[in-house]
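Novice: What follows is a predicted protein model with its sequence.
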Amino acid sequence: MVERDGSELIAGISSGYTFEGPSIHLGAAVLDGEVYPEAAVRLPLAMMNRHGLVAGATGTGKTITLQVMAEQLSAQGVPVFLADIKGDLTGLSTPGPGGEKLLARTLSVGQQWSARSFPVEYFSLGGHGAGVPIRATISEFGPLLLSRVMDLNETQESSLTLIFHYADLAGLELLNLADLRAVISFLTSDEGKTALKDLGGLSKATAGVILRELITLEAQDMARFFGEPEFDTADLLRQAPDGRGMISCLELPTLLQTPQLFSTFLMWLVADLFADLPEVGDQDKPKLVFFLDEAHLLFDDASKEFLRSIQTSVRLIRSKGVGIFFVTQTPRDVPADVLGQLANRVQHALRAFTPEDAKALKATVSTFPTSDYDLAEVLTSAGTGEAVVTVMNDRGAPTPVAWTRMTSPESTMGPSAPAVVEEIVRASPLRTHYETAIDSHSAFEKLTTPAPPSATPPRAQPAADDEARRIEESITGHRGTPPPSSGPAGTPPPLGVPTPAPRQQDGELMEFAVKAAGAIGAELARGLFGTQRRRSRRRW
């Protein structure tokens with residue numbers, strides 16, 4: 001399986017994975033089926049914000065790898081976010097049972113094993129399943145992410161963006177699905193259809209499609225996810241009282257019913273973190289490591305704009321101290337532009353039963369650096385709990401490719417008892433804040449409650465008008481009236497000085513320009529994925 005002397009390969013791996021700073025112990029090198037504990041395979045903590053990929057066929061050990069990495073990150077004070085697709089990761093809350101077979105394996109990879117549990121905070125999307133409910137307002141979720149959830153085409157997505165733009169300008173808070181439906185109904189009514197006339201308008205056909213998709217979301221019981229109190233992503237950055245990083249575990253018992261919502265929600269969390277966290281540059285360890293499980297759901301049938309936003313977020317959030325690991329079956333599930341930014345690779349075994357499988361295997365091998373292993377053979381013969389690893393070392397260079405037998409979790413491999421999870425959720429300090437949904441006065445109430453006789457319908461440009469007046473005053477030095485002439489009234493201008501054009505045309509051009517500037521410069525700007533500028537909600 002190797003192209004040079006085995007002792008040289010093991011020596012190269014041993015030296016290539018020796019780092020000065022703190023690191024995560026992934027396992028030990030394997031050569032021709034024999035494990036070499038002296039050739040420890042590690043991942044530097046300082047390089048975990050360079051992002052990574054954990055891939056492999058079903059049943060090859062990806063979930064256990066997530067558990068091992070989460071445990072060691074938590075033990076070194078790094079908070080972790082991970083999604084629990086099958087419920088197996090609740091085992092983090094229960095010490096592992098040990099056993100002769102397990103201890104023999106851990107000893108073979110040089111692991112000093114002891115049974116431990118870890119600090120876990122359980123979450124659920126809108127209250128689906130066990131865990132503290134996570135909600136997002138429609139406004140802060142943004143039109144691009146919502147279009148992804150509703151599977152809108154580009155034209156419909158553009159119209160939805162226009163609806164959000166109008167709601168921002170008109171002061172109509174979009175907190176839940178009822179608010180969005182009320183705004184759409186208003187804009188297609190006789191009273192409101194002129195509000196978007198200058199911006200192209202909103203066709204009733206497109207509005208009808210969006211409204212029908214909203215009904216579908218409600219039929220799938222997704223309405224409970226949108227609303228208040230909105231989740232504050234600062235709650236993912238906590239540490240336990242003993243200094244260990246909190247492991248935030250999102251329970252997803254209904255994933256198969258709402259795959260688009262799940263994957264899109266994870267990117268909303270990333271966008272919200274990006275908007276809120278300050279630039280920190282390179283640090284000894286990341287602020288948070290984020291595992292995006294079932295990553296292929298993010299990219300299936302995604303629009304170019306959505307893919308561009310994912311690529312941008314992955315590239316830029318590194319400087320905020322956040323590491324993102326994509327978890328999927330093959331590297332081909334991740335677009336090349338994103339895959340090129342993933343410096344740390346843990347590739348479990350692949351299966352090659354069909355021509356399509358063989359093509360995927362060949363593509364996977366091509367994404368690794370040059371190796372002395374026959375990777376095509378290793379990746380089809382590696383056992384459960386073994387992987388091909390290459391990471392970024394503490395000098396920013398790739399490590400040698402290493403066939404690795406992975407370490408074992410110190411917590412339970414499998415679910416904890418339901419009573420254990422329920423007790424943790426009941427004792428959570430976040431439960432009292434997030435458990436009960438709040439129905440605030442927002443767009444639905446403003447548009448459906450009869451207005452006083454003197455009231456007028458919402459205007460589409462209040463913030464832009466205010467900004468327009470401010471800019472006009474700063475430029476002209478006056479408030480809507482011409483400045484006094486420098487000479488006596490009726491005195492013609494000096495020779496050579498052109499006669500001013502009528503003020504009406506100038507005023508119209510000025511009004512158009514400053515309103516455009518106001519729309520761009522006001523607090524209406526949206527960030528990654530069209531999400532609203534974040535309000536300060538931090539409580540920790």
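Specialist: It's in.

Novice: Quick one: end-to-end length of stretch 124-138, please.
Specialist: Terminal residues of stretch 124-138 are spaced 18 Å apart (CA to CA, to the nearest Å).

Novice: What are the boundaries of the helices in the stretch 1-150 of the chain?
Specialist: 6-16, 62-75, 100-108, 138-141, 143-150 (DSSP state H, counting those that start in this stretch).

Novice: So which elements touch the last one?
Specialist: Applying 3 or more CB pairs under 8 Å, 6 or more residues apart in numbering; DSSP states H and E, we find helix 143-150 packed against helix 154-170, helix 204-219, helix 259-276, helix 304-317. C-beta: built from backbone N, CA, C; applies to glycine.

Novice: What of the second one?
Specialist: Secondary structure elements in contact with helix 62-75, counted by 3+ CB pairs under 8 Å, 6+ apart, are strand 23-31, strand 52-55, strand 80-84, strand 288-292, strand 322-328, strand 344-348, strand 402-406.

Novice: what pLDDT, on average, does stretch 136-152 get?
Specialist: In this model, stretch 136-152 has an average pLDDT of 90.

Novice: next one: stretch 332-348
Specialist: The average pLDDT within stretch 332-348 is 92.

Novice: mind checking the end-to-end distance for stretch 223-238?
Specialist: Across stretch 223-238, first to last residue, CA to CA, it's 28 Å.

Novice: What residues of that stretch count as buried?
Specialist: Neighbour-count burial for stretch 223-238 flags 224-237 (criterion: 16 or more other CB atoms under 10 Å).

Novice: Would you mind giving the helices and strands packed on helix 143-150 as a markdown table with distance to M246 and mean neighbour count added?
Specialist: Shown next, in a markdown table, are the helices and strands packed on helix 143-150 (distance: least, CB to CB, whole Å; neighbours: other CB atoms under 10 Å):
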| stretch | distance to M246 | mean neighbour count |
| --- | --- | --- |
| helix 154-170 | 33 | 20 |
| helix 204-219 | 31 | 15 |
| helix 259-276 | 15 | 22 |
| helix 304-317 | 19 | 18 |
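
Novice: of all those helices, which lies closest to P400?
Specialist: helix 304-317 (25.2 Å; CB to CB).

Novice: Output the below-cut-off pLDDT ranges for the stretch 401-540 of the chain.
Specialist: Low-confidence segments of the stretch 401-540 of the chain (pLDDT under 70): 450-540.

Novice: hmm, 50 instead?
Specialist: Within the stretch 401-540 of the chain, the segments meeting pLDDT under 50 span 454-455, 460-465, 467-525, 534-540.

Novice: Now do the closest residue to R238 other than its chain neighbours: how many residues are near it, please.
Specialist: Once flanking residues are discounted, R238 sits nearest to M246: 4.6 Å by CB to CB, 6 or more residues apart in numbering. Look at M246: counted by other CB atoms under 10 Å, it has 21 neighbours.

Novice: Distance of M246 relative to A223?
Specialist: 29 Å (CB to CB, to the nearest Å).

Novice: Could you do K101 as well?
Specialist: Taken as CB to CB, the span from K101 to A223 is 48 Å.

Novice: Over to D272?
Specialist: From D272 over to A223 the distance is 20 Å, taken as CB to CB.

Novice: Give me the longest strand you can find in the chain.
Specialist: Longest strand in the chain, counting residues (DSSP state E): strand 34-44.

Novice: average pLDDT for that one?
Specialist: Strand 34-44 shows a mean pLDDT of 96.

Novice: again with stretch 282-294
Specialist: When pLDDT is averaged along stretch 282-294, the result is 90.

Novice: Start and end of that stretch, how far apart?
Specialist: Its first and final residues considered, stretch 282-294 spans 28 Å by CA to CA.

Novice: export the helices of the stretch 1-150 of the chain to CSV and tack on mean neighbour count and distance to M267?
Specialist: Formatted as CSV, the helices of the stretch 1-150 of the chain follow (neighbours: other CB atoms under 10 Å; distance: least, CB to CB, whole Å):
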stretch, mean neighbour count, distance to M267
helix 6-16, 17, 34
helix 62-75, 23, 19
helix 100-108, 13, 36
helix 138-141, 25, 10
helix 143-150, 25, 7
